[in-house]
Every structure is written in C-alpha cells, then in structure tokens.
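[1] Got a predicted model here, sequence first, then my questions.
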Amino acid sequence: MTDSYEDPPGAPPGERAPLGDGIRFAFGTLTVLPARINRWDRPAARTGMECAPLAGLVVGVCAAAAGALLLLLGGGPLLAAAVTVAVPAALTRGLHLDGLADTADGLGSAKPAEDALRIMKQSDIGPFGVITLLFVLLIQVAALADAYADGWARGAPAAVTAAVAARLAMTLASRDGVPAARPGGLGAAVAGVVPRRSAAAVTALTVAALAAAVLPLGLPAAARHAGAVVLALGAAELLLRRCVRRFDGVTGDVFGALSEVAATVALLTLALG
C-alpha cells in the first residue's frame, strides 16, 4: 500500500475507473485475498469503494462457511461463532479491529485533533482501545452464538449480512463532502471519492440484494436482514459524524472502526430479532 494517491493528469473529478480495477482496489485494500492492484489513483479508489460490499460478501461467505462447517461437524454454537468472528479478522490482518481500537483511543483522549491523531498513529493500544475491542468482540461472538443456536441456516446469513454491512459503511463514508483528517494513507485516498448519488445507489442495491438472498427463509427474515443493515449504517453514520467533528475528517483507522461498529450492530439486531 502506498501513501500517495494522485489523480492522473487530465482526470476529471469523480471519474470512475473500469470495474476490474475497482474490484482489485477493493480486495487489495480491504482484504488479504490475492489482488494485484495496478491503479493507485482516485478514479480507482472511487470504483473500489463502490465495490467494497462485494469484498464484504466474499469475506462473509468465507466466515459463514467456516462456522457452518463446524456446526455440521458437531461443534457447538459458541465455537462456530468464535471461528466465524475470527475469519474476517484473519482476512483483514486485523486492520479493522486495530482501527477500531485506535479510534477509541483517539476519541477517548479528550485532546485536540492533532494530538488525538498522533495517539491513533502510535503502535500501542491504550485502555479505551482495549476495552472497546473486548466488548465488541464479545458482542459479536454472543450474537452469532445465538443465531447458530437455531442452526447454520440462521447463523450463516447473519455472518454474511454483517460482513457486507461493514464494507457498505465504508462506501458511505467515502462519499463526497467527507474530508480526510490528514494527507497520506488510505483515509486520504478514499475520502470524498464516491458521489452521493452513487453511494445511495450502491446502498439501495446492496440492501435489496441481501433481502432477496434471504427471502427463501421467509419474508420476515428478509425484512430483518434489511433492517439490520439499515440500523448498522445508521450507527456507523453517527460514529462517522463524531469522528469528523473530533478529528476534522476521516483516517484509515476511522474506516476500520466504522466497519466493526456496523458489523456489530447488524449482528446484535439480528440476534434480537
């Protein structure tokens, strides 16, 4: 990954790169799955962030498959849930969880934006980050365990929905009007690259596709999953606005935090439903 993202000469603002470049950008920046990124400009970033839910779908399917397989092999719901939560962490090298912890430390520092950003860049994790990580992971595992208790047919879709909602939150956070807190890094690369109309279209399409995929489980299940995504995005939006006010913009850590918060709220909503 590079810290320098420039528009190519003559590239108009908001230009979209070819779909293939966007998919490679999404998978290359948001997962550890093999993807050869050949463009590091803002058009590629725009298409890549519009494709972020697709990366979430692949991560979610991998996580759901691992959890469902453990259940089929005789494992309990708690074990299946723990492994399901571990798979996305492994497929992202824990970067989103690290971003959540760093963002919690920055928000909890009560220091000016510049000092808070400096705290977030430090390699160690402070008490706010540790506590936040602990409770978020506990909630995710507990919520999935409840879902898996009713069988893999309920737990697996919940895992997929949470993973997709997590990356869809990143798409919305990349919309125009959301500034970068500092130059360089992934936050600056993707801040403001997605037009609002495109972000809304991707959101509507993703929610509709998830609901349609769950429809074989019944109309109430489809409605629950769609509602879980909407609530997850609402929670992520609240955190995004707080971070923009607090840090004067977004960073790569903030994107990671938005992802984990959205996934947690989606899982919690489905567990309660």
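    Yes, it's here. All values derive from a computational prediction rather than experimental measurement.

[2] for this protein, which helix is longest?
    In the chain, with assignment by DSSP state H, the single longest helix is helix 219-247.

[3] After that one, heading C-terminal, what element do we hit next?
    Following helix 219-247 in sequence order, the next helix or strand is helix 252-272 (DSSP states H and E).

[4] Which secondary structure elements does that next one sit against?
    Packing partners of helix 252-272 (3 or more C-beta pairs under 8 Å, 6 or more residues apart in numbering; DSSP states H and E): helix 95-108, helix 127-149, helix 152-173, helix 185-190, helix 219-247. In short, each C-beta sits where N, CA and C put it, glycine included.

[5] Any buried residues in it, and which?
    252-271 (16 or more other C-beta atoms under 10 Å).

[6] Tabulate the CA atom coordinates of that helix in CSV.
    Extracted C-alpha coordinates of helix 252-272, given in CSV (Å, rounded to 0.1, in the frame of the first residue of the first chain):
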residue,chain,number,x,y,z
GLY,A,252,-7.9,4.7,7.7
ASP,A,253,-8.4,3.9,11.4
VAL,A,254,-11.8,5.5,11.3
PHE,A,255,-12.8,3.4,8.3
GLY,A,256,-11.8,0.3,10.3
ALA,A,257,-13.9,1.5,13.3
LEU,A,258,-16.9,2.1,11.1
SER,A,259,-16.6,-1.4,9.7
GLU,A,260,-16.5,-3.1,13.0
VAL,A,261,-19.3,-1.0,14.5
ALA,A,262,-21.6,-1.7,11.5
ALA,A,263,-20.9,-5.4,11.8
THR,A,264,-21.6,-5.4,15.5
VAL,A,265,-24.9,-3.6,15.2
ALA,A,266,-26.0,-5.8,12.4
LEU,A,267,-25.3,-8.9,14.4
LEU,A,268,-26.9,-7.5,17.5
THR,A,269,-30.0,-6.5,15.6
LEU,A,270,-30.4,-10.0,14.0
ALA,A,271,-29.8,-11.7,17.4
LEU,A,272,-32.6,-9.6,19.0
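
[7] by how many degrees do it and helix 127-149 diverge?
    Inter-element angle recorded for helix 252-272 and helix 127-149: 30 degrees (by axes from the mean of the first three to the mean of the last three C-alpha atoms, to 10 degrees).

[8] Off-centre distance for helix 252-272?
    Relative to its chain's centre, helix 252-272 lies at 7 Å (C-alpha atoms, centre = their mean, to the nearest Å).

[9] Could you number the chain from 66 rather than 1 from now on?
    Okay, residue one is now 66; in that scheme the one you just asked about reads as helix 317-337.

[10] how far off helix 217-238 does that helix point, in degrees?
    Going by the same axes, to 10 degrees, helix 317-337 makes 150 degrees with helix 217-238.

[11] relative orientation of helix 317-337 and helix 160-173 in degrees?
    100 degrees.

[12] tell me the mean pLDDT for helix 317-337?
    Model confidence over helix 317-337, given as mean pLDDT, is 96.

[13] Please apply the same query to stretch 233-244.
    So the average pLDDT for stretch 233-244 ends up being 96.

[14] Could you do stretch 98-113 as well?
    For stretch 98-113, the mean pLDDT works out to 88.

[15] host element of residue 175?
    Using DSSP H and E, no helix or strand contains residue 175.

[16] count of neighbours near it?
    By other C-beta atoms under 10 Å, the residues close to residue 175 number 8.

[17] Also the one 3 residues further on?
    Residue 178 is flanked by 15 other residues according to other C-beta under 10 Å.

[18] Any stretches of the protein with poor pLDDT?
    Across the chain, the ranges flagged by pLDDT under 70 are 66-79.

[19] ok now do the closest residue to residue 256 other than its chain neighbours, which residues does it touch?
    Spatial nearest neighbour of residue 256, excluding adjacent residues (C-beta to C-beta, 6 or more residues apart in numbering): residue 245 at 3.9 Å. Residues near residue 245 by C-beta atoms under 8 Å, 6 or more residues apart in numbering: 252-253, 256-257, 314-316.

[20] ok, of those, which come out buried?
    Buried, going by 16+ other C-beta under 10 Å: 252-253, 256-257, 314-316, out of those.
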